[in-house]
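# Got a predicted structure here, sequence first:
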Amino acid sequence: MNATYGELLAAAADAVADANLAVGRRRFDSQLDAAQALVDYHGLLDALAGHTWVLLTPEQAAGIRASQGPHRIEVAAIAMAEAIGTLAGTGRPNPALHTQPVTSWARAARCLRAAGDLLATHHAPGHGPRSPDADILDDADVRASALSRLGHLTVTLLDAEDNLALRTLQTGLHPATVRRALPGLAHIADLARTTTSHDTTSEPAAPGDAPGSASNTAAGLARLDNLGLVTPPIRTDDPITELADRYARVRLHAWALLETPDYSITTLRDLAVLGVATHAHTAALHGADLTHPGATNRLLKPLLDRARAWQALHHTLTGLITAGPGDAVVREDLIAITRILQTLAPIITTTTPGRGRAAGLDRPLVGALNGAIATMTDIAGWNRLTLDRPARSGHIHVPGRVLTGEQVTDHPDLATARPTGHLAPAPDQTHRSVTATYQTLRTHPLQPSPPAHAPDPGINHATDARVITRAGYDG
């Protein structure tokens, strides 16, 4: 199971609610059960404090302590974690980790620790990024919102303190033992309530609305909740799940090219084909006909415009040559994704049998493709920077025979390459054209930003379907 951060946090909250309900409704069967419940209760408190230090790095905590105007949520969260540490002790591992989870509190602690480990996979040992999402907690408002949710969970847990004390005393445990474990945690509850005053309920702004601080925070929190492992296995038991997993892996590889470029136009060309397929199949899912763009619903036109912009980009990149062999993982995922798209969201043309979609849309598929559109938007921004490095260092070439007279003017090296057909550095005009297209593709197609770069009029747009179909079988 590839659990996300949000799913693990939700599972922890459910487990805390179950444990609180159980301790309020029935007695423990024995003193041993009561003692184990106390250990698990402390273990969960320790996990809550530990997760605070996951959301706040030691460097950030030091900065907050030294700041003259710190965020009050972060100040309260630090005080809460330190107070819990005083109560639960600093011994490692925590005693609750010596046994298998028995109570729901122990299961909640396990979920919280797993959520912390999941976030840790996105950073290198020196806290450098290992994924494009490693910076999610750098936003102070998102971090405060995450700490606020942790505070809500702490308040819920501490609501059970009185019931737990009663149930343990009913088994005959010595009052001094119970008092040491539960000395009165109202001060911790007060600090936790301070962290819960941060608003995390705002919805993201709708497309076209001016983004505000609250909407950006809500979007960042949603991004945090959707965070999974950096390199999860590809799940092939369900095509929609496989689609999401493969897009996530492509996204990671495209981001990694910024730090470890492979100097390969082949990889950028494969990603351009994926951009064509993603937007075209998404439009087709909603009933668009790629061969008759004029008949398409105007709401789908931005998707088709992006598909054609990616196609124009692919057309330009095809004429460029570099030494790099290309990313085999990206190619593998491209082939798999296009085959899945051809099955789940086939391209509609005038010759497609049974044109139109009488049945309702598959909501999980729509959600997966919406995520794929956002992924390709991210990839376009990264690819623009990826291309800059080999372009500026002279690693991108074109065959001399394709150069025009205007391009070789005032460039003796290009003029020599043209008649001989030898490789020549790619003209600056080509680099600028590709960069402009990437710049257009950096924004979401449903945002009100019309494309600034018109596709090459020499491209036959009626071949969109053939380009996409062929991509699924090229290997």
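Right, received. Where do you want to start? Every value quoted in this text rests on a predicted model; they were computed, and no experiment measured them. Residues are numbered from 1 along each chain as shown.

# contacts, neighbours, all on C-alpha from now
OK.

# Just the buried residues of the longest helix anywhere in the chain, please?
Scanning the chain for the longest helix, with DSSP state H as the assignment, gives helix 363-392. By 16 or more other C-alpha atoms under 10 Å, the buried positions in helix 363-392 come out as 365-366, 368-369, 372-373, 375-384, 386-387, 390-391.

# did I read that right, residue 28 in a helix?
No - according to DSSP: H, G, I helix; E, B strand; the rest coil, residue 28 belongs to no helix; its state is coil.

# which ones are touching it?
Residue 28 sits next to 34, 167-168, 171 when contact means C-alpha atoms under 8 Å, 6 or more residues apart in numbering.

# distance of it from residue 173?
Distance, residue 28 to residue 173, using C-alpha to C-alpha, to the nearest Å: 11 Å.

# just residue 275 next, same as before
Relative to residue 173, and taking C-alpha to C-alpha, residue 275 is found at 65 Å.

# So these two - more neighbours on which side?
More crowded of residue 275 and residue 173, by other C-alpha atoms under 10 Å: residue 275, with 29 against 17.

# OK, contacts around the more buried one?
By C-alpha under 8 Å, 6+ apart, the neighbours of residue 275 are 307, 310-311, 376.

# still on that earlier bit, quick one: the contacts of residue 28 as CSV, columns for pLDDT, neighbour count and secondary structure too.
Shown next, in CSV, are the contacts of residue 28 (pLDDT from 0 to 100; neighbours: other C-alpha atoms under 10 Å; DSSP: H, G, I helix; E, B strand; the rest coil):
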residue, pLDDT, neighbour count, secondary structure
34, 93, 24, helix
167, 94, 21, helix
168, 94, 25, helix
171, 93, 17, coil
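
# Mind putting the residues you listed into a markdown table with distance to residue 121?
Formatted as a markdown table, the contacts of residue 28 follow (distance: C-alpha to C-alpha, whole Å):
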| residue | distance to residue 121 |
| --- | --- |
| 34 | 36 |
| 167 | 40 |
| 168 | 39 |
| 171 | 43 |
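
# circling back to that earlier point, report the rounded mean pLDDT for the longest helix of the chain.
Computed over helix 363-392, the mean pLDDT rounds to 91.

# burial measure for residue 89, as a count.
13.

# same check, this time on residue 69
Neighbour tally, residue 69, other C-alpha under 10 Å: 8.

# sec struct for it, please.
Under three-state DSSP, residue 69 comes out as coil.

# For residue 434, see how far away it is.
45 Å.

# again, but for residue 113
Residue 113 is 45 Å from residue 434, where distance means C-alpha to C-alpha.

# Likewise for residue 222?
Distance of residue 222 to residue 434, given as C-alpha to C-alpha: 32 Å.

# Have a look at these two and say which one is more surrounded.
Using other C-alpha under 10 Å, the more surrounded residue of residue 222 and residue 434 is residue 434, with 19 against 15.

# that's a helix at that one, yeah?
Yes - looking at residue 434 with three-state DSSP, it is inside a helix.

# That one: what's it in contact with?
313, 316, 384 are the contacts of residue 434 under C-alpha under 8 Å, 6+ apart.

# in what helix or strand does the first one lie?
When you say that, I think you mean residue 313. helix 301-318 (DSSP states H and E).

# For the helix or strand that comes right after that helix, C-alpha coordinates in PDB please.
Using DSSP H and E, the next helix or strand after helix 301-318 towards the C-terminus is helix 328-344. The C-alpha coordinates for helix 328-344 follow below in PDB (Å, rounded to 0.1, in the frame of the first residue of the first chain):
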ATOM      1  CA  ALA A 328      15.200   4.700 -20.000                       C
ATOM      2  CA  VAL A 329      12.700   5.000 -17.100                       C
ATOM      3  CA  VAL A 330      11.000   8.000 -18.700                       C
ATOM      4  CA  ARG A 331      10.700   6.100 -21.900                       C
ATOM      5  CA  GLU A 332       9.300   3.000 -20.100                       C
ATOM      6  CA  ASP A 333       6.700   5.200 -18.400                       C
ATOM      7  CA  LEU A 334       5.800   7.000 -21.600                       C
ATOM      8  CA  ILE A 335       5.000   3.800 -23.300                       C
ATOM      9  CA  ALA A 336       3.000   2.400 -20.400                       C
ATOM     10  CA  ILE A 337       1.100   5.700 -19.900                       C
ATOM     11  CA  THR A 338       0.100   6.100 -23.500                       C
ATOM     12  CA  ARG A 339      -1.200   2.600 -23.700                       C
ATOM     13  CA  ILE A 340      -3.300   3.100 -20.600                       C
ATOM     14  CA  LEU A 341      -4.700   6.400 -22.000                       C
ATOM     15  CA  GLN A 342      -5.600   4.700 -25.300                       C
ATOM     16  CA  THR A 343      -7.600   2.200 -23.300                       C
ATOM     17  CA  LEU A 344      -9.300   4.500 -20.700                       C
END
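
# Now find how far off-centre helix 328-344 is within its chain.
20 Å (C-alpha atoms, centre = their mean, to the nearest Å).
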